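sequence below, structure please.
(one chain, ligands or ions: 1)
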Amino acid sequence: MPDKILKKIGVLTSGGDSPGMNAAIRAVVRACAYYKTQCIGIHRGFEGLIHNETCELGPRSVRHIINKGGTFLKTARSEKFKTAEGRKIAAGAVVDNQIDGLIIIGGDGSFRGAKDFYEEFGIPFIGVPGTIDNDIFGTDFTIGYDTALNTAMEAIDRIRDSATSHNRVFFIEVMGRDAGFIALGSGIASGAQEILIPERKDSLDDLFDSLKRSEQAGKNSSIIVVSEGEELGNVYELANATKEKFPEYDIRVSVLGYIQRGGHPSCMDRILASRLGVAAVEAILDHKTNIMVGLKSNRIVQTPIEEAVKKHNEIDIELLKISKILVI
Ligand code: ADP
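Sure thing, here's the model as predicted:
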(Lines give C-alpha, C1' and ligand atoms only; values in the text may rest on other atoms or scores of the structure.)
Protein backbone atom coordinates (compact mmCIF):
# COMPACT_ATOMS: atom_id res chain seq x y z
CA MET A 1 0.00 0.00 0.00
CA PRO A 2 1.43 3.40 -1.00
CA ASP A 3 2.44 5.60 1.94
CA LYS A 4 0.89 8.91 0.92
CA ILE A 5 -2.02 9.80 -1.32
CA LEU A 6 -1.53 12.51 -3.95
CA LYS A 7 -4.66 14.55 -4.66
CA LYS A 8 -5.01 14.53 -8.42
CA ILE A 9 -3.46 12.44 -11.20
CA GLY A 10 -3.70 13.22 -14.92
CA VAL A 11 -3.73 10.48 -17.55
CA LEU A 12 -3.12 10.81 -21.29
CA THR A 13 -2.36 8.65 -24.32
CA SER A 14 0.24 9.95 -26.76
CA GLY A 15 1.93 9.09 -30.07
CA GLY A 16 0.83 6.05 -32.07
CA ASP A 17 -2.32 4.34 -30.76
CA SER A 18 -2.35 0.68 -29.84
CA PRO A 19 -5.04 -1.83 -28.83
CA GLY A 20 -5.22 -2.02 -25.05
CA MET A 21 -4.71 1.69 -24.38
CA ASN A 22 -8.37 1.91 -23.27
CA ALA A 23 -7.84 -0.96 -20.85
CA ALA A 24 -4.80 0.89 -19.45
CA ILE A 25 -6.77 4.14 -18.99
CA ARG A 26 -9.53 2.17 -17.27
CA ALA A 27 -7.01 0.61 -14.89
CA VAL A 28 -5.47 4.00 -14.08
CA VAL A 29 -8.87 5.60 -13.43
CA ARG A 30 -10.12 2.75 -11.25
CA ALA A 31 -6.86 2.44 -9.31
CA CYS A 32 -7.03 6.18 -8.60
CA ALA A 33 -10.60 5.73 -7.30
CA TYR A 34 -9.50 2.73 -5.22
CA TYR A 35 -6.74 4.80 -3.62
CA LYS A 36 -9.09 7.76 -3.21
CA THR A 37 -7.23 10.02 -5.58
CA GLN A 38 -8.92 12.22 -8.17
CA CYS A 39 -8.25 11.39 -11.81
CA ILE A 40 -8.39 13.77 -14.71
CA GLY A 41 -8.26 12.68 -18.35
CA ILE A 42 -6.38 14.74 -20.91
CA HIS A 43 -7.60 14.48 -24.50
CA ARG A 44 -5.24 14.23 -27.50
CA GLY A 45 -2.01 13.68 -25.59
CA PHE A 46 0.38 16.58 -25.08
CA GLU A 47 -1.45 18.61 -27.74
CA GLY A 48 -4.63 18.43 -25.66
CA LEU A 49 -2.70 19.42 -22.54
CA ILE A 50 -1.46 22.54 -24.33
CA HIS A 51 -5.09 23.35 -25.21
CA ASN A 52 -6.37 22.44 -21.75
CA GLU A 53 -8.70 19.70 -23.03
CA THR A 54 -9.43 17.86 -19.81
CA CYS A 55 -12.27 15.93 -18.19
CA GLU A 56 -12.96 14.47 -14.75
CA LEU A 57 -12.83 10.68 -14.79
CA GLY A 58 -14.47 8.33 -12.31
CA PRO A 59 -14.86 4.54 -12.25
CA ARG A 60 -18.09 4.68 -14.29
CA SER A 61 -16.55 6.94 -16.98
CA VAL A 62 -14.47 3.99 -18.13
CA ARG A 63 -17.15 1.30 -18.26
CA HIS A 64 -17.38 -0.88 -21.37
CA ILE A 65 -14.02 0.20 -22.76
CA ILE A 66 -11.74 -2.67 -21.71
CA ASN A 67 -12.66 -4.49 -24.94
CA LYS A 68 -12.38 -1.53 -27.31
CA GLY A 69 -9.45 -0.79 -29.63
CA GLY A 70 -7.91 2.67 -29.97
CA THR A 71 -8.06 5.18 -27.13
CA PHE A 72 -11.19 7.03 -26.05
CA LEU A 73 -9.04 9.90 -24.78
CA LYS A 74 -7.67 10.17 -28.35
CA THR A 75 -3.99 10.56 -29.06
CA ALA A 76 -1.88 13.02 -31.03
CA ARG A 77 1.57 13.84 -32.21
CA SER A 78 2.28 17.34 -30.96
CA GLU A 79 4.93 19.45 -32.68
CA LYS A 80 4.25 22.27 -30.21
CA PHE A 81 5.16 20.11 -27.24
CA LYS A 82 8.59 19.63 -28.77
CA THR A 83 9.23 23.34 -28.25
CA ALA A 84 10.09 24.96 -24.90
CA GLU A 85 7.24 27.42 -25.45
CA GLY A 86 4.69 24.62 -25.99
CA ARG A 87 5.83 22.80 -22.86
CA LYS A 88 5.53 26.05 -20.86
CA ILE A 89 1.87 26.40 -21.89
CA ALA A 90 1.31 22.72 -21.02
CA ALA A 91 2.90 23.26 -17.59
CA GLY A 92 0.46 26.14 -17.04
CA ALA A 93 -2.44 23.74 -17.74
CA VAL A 94 -1.04 21.26 -15.20
CA VAL A 95 -0.95 24.01 -12.54
CA ASP A 96 -4.42 25.37 -13.48
CA ASN A 97 -5.92 21.88 -13.18
CA GLN A 98 -4.03 21.22 -9.91
CA ILE A 99 -2.57 18.03 -11.33
CA ASP A 100 0.05 16.50 -8.98
CA GLY A 101 1.42 13.93 -11.44
CA LEU A 102 0.92 12.48 -14.90
CA ILE A 103 0.57 8.97 -16.24
CA ILE A 104 1.72 8.87 -19.85
CA ILE A 105 0.61 5.91 -21.95
CA GLY A 106 2.63 5.84 -25.18
CA GLY A 107 5.90 4.98 -26.87
CA ASP A 108 9.47 6.15 -26.41
CA GLY A 109 8.77 9.48 -28.16
CA SER A 110 6.12 10.28 -25.57
CA PHE A 111 8.51 9.30 -22.77
CA ARG A 112 11.15 11.65 -24.19
CA GLY A 113 8.61 14.46 -24.08
CA ALA A 114 7.58 13.60 -20.52
CA LYS A 115 11.24 13.49 -19.47
CA ASP A 116 11.90 17.01 -20.84
CA PHE A 117 8.73 18.18 -19.10
CA TYR A 118 9.87 16.73 -15.79
CA GLU A 119 13.36 18.20 -16.07
CA GLU A 120 12.01 21.67 -16.86
CA PHE A 121 8.98 21.89 -14.56
CA GLY A 122 9.41 19.10 -12.01
CA ILE A 123 6.08 17.50 -12.92
CA PRO A 124 6.22 13.87 -11.74
CA PHE A 125 5.23 11.22 -14.25
CA ILE A 126 5.14 7.49 -14.81
CA GLY A 127 5.37 5.97 -18.31
CA VAL A 128 3.21 3.03 -19.42
CA PRO A 129 4.51 1.36 -22.61
CA GLY A 130 1.78 1.34 -25.27
CA THR A 131 2.89 0.52 -28.81
CA ILE A 132 2.33 -2.38 -31.18
CA ASP A 133 6.06 -2.44 -32.05
CA ASN A 134 7.26 -4.04 -28.78
CA ASP A 135 10.57 -2.20 -29.08
CA ILE A 136 10.66 -0.50 -25.68
CA PHE A 137 13.40 -1.43 -23.25
CA GLY A 138 12.29 -2.36 -19.73
CA THR A 139 9.37 -4.64 -20.53
CA ASP A 140 9.07 -8.03 -22.22
CA PHE A 141 5.85 -6.89 -23.91
CA THR A 142 4.27 -3.56 -24.74
CA ILE A 143 0.51 -2.97 -24.70
CA GLY A 144 -0.88 -3.68 -28.17
CA TYR A 145 1.86 -5.99 -29.40
CA ASP A 146 0.03 -9.24 -28.74
CA THR A 147 -3.13 -8.01 -30.50
CA ALA A 148 -1.16 -6.76 -33.52
CA LEU A 149 0.68 -10.06 -33.67
CA ASN A 150 -2.58 -12.01 -33.73
CA THR A 151 -4.09 -9.70 -36.34
CA ALA A 152 -1.04 -10.09 -38.58
CA MET A 153 -1.01 -13.86 -38.09
CA GLU A 154 -4.69 -14.21 -39.00
CA ALA A 155 -4.25 -12.05 -42.10
CA ILE A 156 -1.24 -14.12 -43.20
CA ASP A 157 -3.23 -17.34 -42.65
CA ARG A 158 -5.89 -16.03 -45.04
CA ILE A 159 -3.32 -15.01 -47.62
CA ARG A 160 -1.77 -18.46 -47.29
CA ASP A 161 -5.09 -20.07 -48.32
CA SER A 162 -4.99 -18.12 -51.56
CA ALA A 163 -1.24 -18.59 -52.08
CA THR A 164 -1.54 -22.37 -51.75
CA SER A 165 -4.41 -22.52 -54.23
CA HIS A 166 -2.32 -20.90 -56.96
CA ASN A 167 1.30 -21.95 -56.24
CA ARG A 168 2.20 -18.38 -55.41
CA VAL A 169 5.02 -16.54 -53.69
CA PHE A 170 3.68 -13.81 -51.44
CA PHE A 171 5.64 -10.88 -50.03
CA ILE A 172 3.73 -9.58 -47.01
CA GLU A 173 4.69 -6.35 -45.28
CA VAL A 174 3.89 -6.05 -41.58
CA MET A 175 4.33 -3.02 -39.32
CA GLY A 176 7.55 -2.19 -37.47
CA ARG A 177 9.54 0.75 -38.82
CA ASP A 178 12.52 0.15 -36.57
CA ALA A 179 11.80 -3.27 -35.10
CA GLY A 180 11.07 -6.74 -36.44
CA PHE A 181 9.04 -8.12 -33.52
CA ILE A 182 5.72 -8.30 -35.37
CA ALA A 183 7.41 -9.79 -38.45
CA LEU A 184 9.31 -12.40 -36.48
CA GLY A 185 6.36 -13.42 -34.29
CA SER A 186 3.71 -13.51 -37.00
CA GLY A 187 6.16 -15.12 -39.44
CA ILE A 188 6.94 -18.00 -37.07
CA ALA A 189 3.26 -18.42 -36.17
CA SER A 190 2.16 -18.59 -39.79
CA GLY A 191 4.99 -20.78 -41.08
CA ALA A 192 6.68 -18.18 -43.29
CA GLN A 193 9.47 -19.37 -45.55
CA GLU A 194 11.53 -16.26 -44.82
CA ILE A 195 11.25 -13.44 -42.29
CA LEU A 196 13.11 -10.25 -43.15
CA ILE A 197 13.71 -7.86 -40.26
CA PRO A 198 15.87 -4.76 -39.78
CA GLU A 199 17.78 -6.29 -36.86
CA ARG A 200 19.47 -8.79 -39.15
CA LYS A 201 21.51 -8.24 -42.30
CA ASP A 202 19.69 -10.04 -45.09
CA SER A 203 20.82 -10.63 -48.68
CA LEU A 204 18.97 -11.24 -51.94
CA ASP A 205 21.13 -14.31 -52.56
CA ASP A 206 19.99 -15.88 -49.28
CA LEU A 207 16.39 -15.05 -50.12
CA PHE A 208 16.68 -16.61 -53.59
CA ASP A 209 18.36 -19.73 -52.15
CA SER A 210 15.53 -20.08 -49.67
CA LEU A 211 12.87 -19.80 -52.39
CA LYS A 212 14.72 -22.38 -54.48
CA ARG A 213 14.87 -24.73 -51.46
CA SER A 214 11.15 -24.23 -50.87
CA GLU A 215 10.43 -25.20 -54.49
CA GLN A 216 12.76 -28.23 -54.34
CA ALA A 217 11.15 -29.39 -51.08
CA GLY A 218 7.85 -29.57 -52.95
CA LYS A 219 6.13 -26.70 -51.13
CA ASN A 220 3.24 -25.28 -53.11
CA SER A 221 3.45 -21.74 -51.75
CA SER A 222 5.99 -19.49 -50.08
CA ILE A 223 5.23 -16.66 -47.72
CA ILE A 224 7.93 -14.04 -47.14
CA VAL A 225 7.12 -11.79 -44.19
CA VAL A 226 8.89 -8.44 -44.44
CA SER A 227 9.13 -5.87 -41.68
CA GLU A 228 8.36 -2.28 -42.72
CA GLY A 229 11.88 -1.25 -41.72
CA GLU A 230 13.71 -4.00 -43.63
CA GLU A 231 16.92 -2.56 -45.03
CA LEU A 232 17.25 -4.85 -48.05
CA GLY A 233 14.25 -3.15 -49.66
CA ASN A 234 10.50 -2.77 -49.36
CA VAL A 235 8.08 -5.53 -50.43
CA TYR A 236 7.66 -4.13 -53.96
CA GLU A 237 11.40 -3.87 -54.55
CA LEU A 238 11.94 -7.37 -53.20
CA ALA A 239 9.11 -8.77 -55.33
CA ASN A 240 10.55 -7.10 -58.46
CA ALA A 241 14.04 -8.42 -57.79
CA THR A 242 12.63 -11.92 -57.27
CA LYS A 243 10.59 -11.73 -60.47
CA GLU A 244 13.74 -10.82 -62.39
CA LYS A 245 15.56 -13.81 -60.95
CA PHE A 246 12.64 -16.25 -61.30
CA PRO A 247 10.37 -15.02 -64.14
CA GLU A 248 8.34 -18.24 -63.89
CA TYR A 249 7.15 -17.50 -60.32
CA ASP A 250 3.68 -16.09 -59.70
CA ILE A 251 4.58 -13.35 -57.23
CA ARG A 252 2.14 -11.20 -55.24
CA VAL A 253 2.53 -8.43 -52.70
CA SER A 254 0.34 -7.53 -49.74
CA VAL A 255 0.83 -4.65 -47.31
CA LEU A 256 -1.17 -5.29 -44.15
CA GLY A 257 -0.98 -1.66 -42.95
CA TYR A 258 -3.31 -0.12 -40.40
CA ILE A 259 -5.48 -3.17 -39.76
CA GLN A 260 -2.65 -4.17 -37.39
CA ARG A 261 -3.33 -1.15 -35.17
CA GLY A 262 -7.04 -1.68 -34.72
CA GLY A 263 -9.43 -4.27 -33.36
CA HIS A 264 -10.39 -5.55 -29.95
CA PRO A 265 -7.38 -6.00 -27.68
CA SER A 266 -6.42 -9.61 -27.01
CA CYS A 267 -6.82 -11.16 -23.56
CA MET A 268 -3.05 -10.85 -23.00
CA ASP A 269 -3.10 -7.14 -23.83
CA ARG A 270 -6.09 -6.46 -21.56
CA ILE A 271 -4.39 -8.17 -18.65
CA LEU A 272 -1.05 -6.46 -19.35
CA ALA A 273 -2.74 -3.05 -19.61
CA SER A 274 -4.69 -3.67 -16.40
CA ARG A 275 -1.55 -4.66 -14.48
CA LEU A 276 0.55 -1.78 -15.80
CA GLY A 277 -2.20 0.80 -15.24
CA VAL A 278 -2.54 -0.18 -11.58
CA ALA A 279 1.27 -0.40 -11.18
CA ALA A 280 1.63 3.12 -12.60
CA VAL A 281 -0.83 4.59 -10.11
CA GLU A 282 0.78 2.76 -7.21
CA ALA A 283 4.22 3.97 -8.31
CA ILE A 284 3.22 7.61 -8.58
CA LEU A 285 1.39 7.51 -5.24
CA ASP A 286 4.59 6.03 -3.86
CA HIS A 287 6.35 9.23 -5.05
CA LYS A 288 8.24 7.52 -7.83
CA THR A 289 8.81 9.59 -10.93
CA ASN A 290 10.70 9.55 -14.21
CA ILE A 291 10.24 5.79 -14.54
CA MET A 292 8.40 3.38 -16.79
CA VAL A 293 6.48 0.43 -15.44
CA GLY A 294 6.85 -2.82 -17.38
CA LEU A 295 6.57 -6.56 -17.12
CA LYS A 296 9.65 -8.79 -17.05
CA SER A 297 9.46 -12.53 -16.50
CA ASN A 298 5.83 -11.95 -15.48
CA ARG A 299 6.77 -9.50 -12.73
CA ILE A 300 6.11 -5.77 -12.56
CA VAL A 301 9.37 -3.83 -12.84
CA GLN A 302 10.30 -0.16 -12.88
CA THR A 303 12.91 1.18 -15.31
CA PRO A 304 14.41 4.69 -15.25
CA ILE A 305 12.97 6.57 -18.21
CA GLU A 306 16.51 7.50 -19.23
CA GLU A 307 17.23 3.82 -19.90
CA ALA A 308 13.82 3.11 -21.47
CA VAL A 309 14.37 5.77 -24.13
CA LYS A 310 18.06 5.06 -24.76
CA LYS A 311 18.00 1.29 -25.10
CA HIS A 312 15.87 -0.99 -27.23
CA ASN A 313 14.28 -4.35 -26.68
CA GLU A 314 16.50 -6.91 -28.40
CA ILE A 315 15.14 -9.50 -30.81
CA ASP A 316 15.38 -13.00 -29.34
CA ILE A 317 18.17 -14.84 -31.20
CA GLU A 318 16.57 -18.19 -30.37
CA LEU A 319 13.42 -17.20 -32.27
CA LEU A 320 15.52 -16.34 -35.31
CA LYS A 321 17.18 -19.72 -35.08
CA ILE A 322 13.96 -21.69 -34.85
CA SER A 323 12.45 -19.74 -37.75
CA LYS A 324 15.29 -21.18 -39.88
CA ILE A 325 15.01 -24.73 -38.49
CA LEU A 326 11.26 -24.99 -39.01
CA VAL A 327 11.18 -24.17 -42.72
CA ILE A 328 13.04 -27.34 -43.64
P1 ADP B 1 5.48 7.45 -29.64
O2 ADP B 1 5.21 7.90 -28.24
O3 ADP B 1 4.43 6.48 -30.11
O4 ADP B 1 6.91 6.98 -29.84
P5 ADP B 1 6.07 9.97 -31.05
O6 ADP B 1 7.50 9.69 -31.30
O7 ADP B 1 5.27 10.58 -32.15
O8 ADP B 1 5.23 8.69 -30.60
O9 ADP B 1 5.98 10.96 -29.78
C10 ADP B 1 4.73 11.41 -29.30
C11 ADP B 1 4.81 12.87 -28.93
O12 ADP B 1 5.75 13.03 -27.85
C13 ADP B 1 5.34 13.81 -30.01
O14 ADP B 1 4.35 14.20 -30.91
C15 ADP B 1 5.79 14.99 -29.17
O16 ADP B 1 4.71 15.80 -28.78
C17 ADP B 1 6.34 14.31 -27.94
N18 ADP B 1 7.81 14.19 -28.06
C19 ADP B 1 8.51 13.23 -28.72
N20 ADP B 1 9.83 13.44 -28.62
C21 ADP B 1 9.98 14.57 -27.88
C22 ADP B 1 11.11 15.32 -27.43
N23 ADP B 1 12.35 14.94 -27.69
N24 ADP B 1 10.86 16.44 -26.70
C25 ADP B 1 9.60 16.82 -26.42
N26 ADP B 1 8.51 16.15 -26.81
C27 ADP B 1 8.69 15.05 -27.53
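
name the residue of this structure that lies nearest to the ligand.
When distances are taken as C-beta to the nearest ligand atom, the chain reaches nearest to the ligand at G109, 1.9 Å away. Any C-beta I mention is one placed from the backbone N, CA and C, and that applies to glycine too.

now do the contacts for that residue.
By C-beta atoms under 8 Å, 6 or more residues apart in numbering, the contact set of G109 is S14, G15, R77.

for ChimeraX, what selects the buried ones among these?
Here is the ChimeraX command that selects the buried residues among these (16 or more other C-beta atoms under 10 Å):
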select :14,15
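
give me the subset of the contacts of G109 touching the ligand.
By C-beta under 6 Å from any ligand atom, the members of the contacts of G109 lying near the ligand are S14, G15, R77.

which of the residues you listed lies closest to G48?
G48 has its nearest neighbour among those in S14, at 9.3 Å by C-beta to C-beta.

contact partners for that closest one?
Going by C-beta under 8 Å, 6+ apart, the list of residues near S14 reads G45, F46, T75, A76, S78, I104, I105, G106, G107, G109, S110, G113.

can you check E47 too?
E47 neighbours (C-beta under 8 Å, 6+ apart): A76, R77, S78, K80, F81.

and the helices in this protein?
21-34, 45-50, 84-96, 108-121, 145-166, 181-189, 204-216, 235-245, 267-285, 305-310, 317-325 (DSSP state H).

of all those helices, which lies closest to L6?
Closest to L6 of those is helix 267-285 (C-beta to C-beta; 5.8 Å).

so which bits of that closest one are buried?
For helix 267-285, the neighbour count (16+ other C-beta under 10 Å) marks 268-270, 272-285 as buried.

any chance of the contacts of S14 in TSV, plus pLDDT and distance to C55?
Formatted as TSV, the contacts of S14 follow (pLDDT from 0 to 100; distance: C-beta to C-beta, whole Å):
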residue	pLDDT	distance to C55
G45	98	14
F46	98	16
T75	96	15
A76	94	16
S78	96	18
I104	98	17
I105	98	16
G106	97	19
G107	96	23
G109	95	24
S110	97	20
G113	97	21
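
isn't S190 right next to I223, touching?
Yes. The criterion here is C-beta atoms under 8 Å, and S190 meets it with I223 at 6.5 Å.

closest to H312 among the contacts of G109?
Ranked by distance to H312 (C-beta to C-beta), the contacts of G109 are led by G15 at 15.9 Å.

contacts only, for that closest one.
G45, T75, R77, G106, G107, G109, S110, T131.

again, only this time at 10 Å
Residues in contact with G15 (C-beta atoms under 10 Å, 6 or more residues apart in numbering) are 45-46, 75-78, 104-113, 130-131.

shaky segments in the stretch 201-328 of the chain?
Along the stretch 201-328 of the chain, no part satisfies pLDDT under 70.

centroid residue for the protein?
Centre of the chain computed as the mean C-alpha position; nearest residue by C-alpha atoms, centre = their mean is T131, 1.7 Å away.
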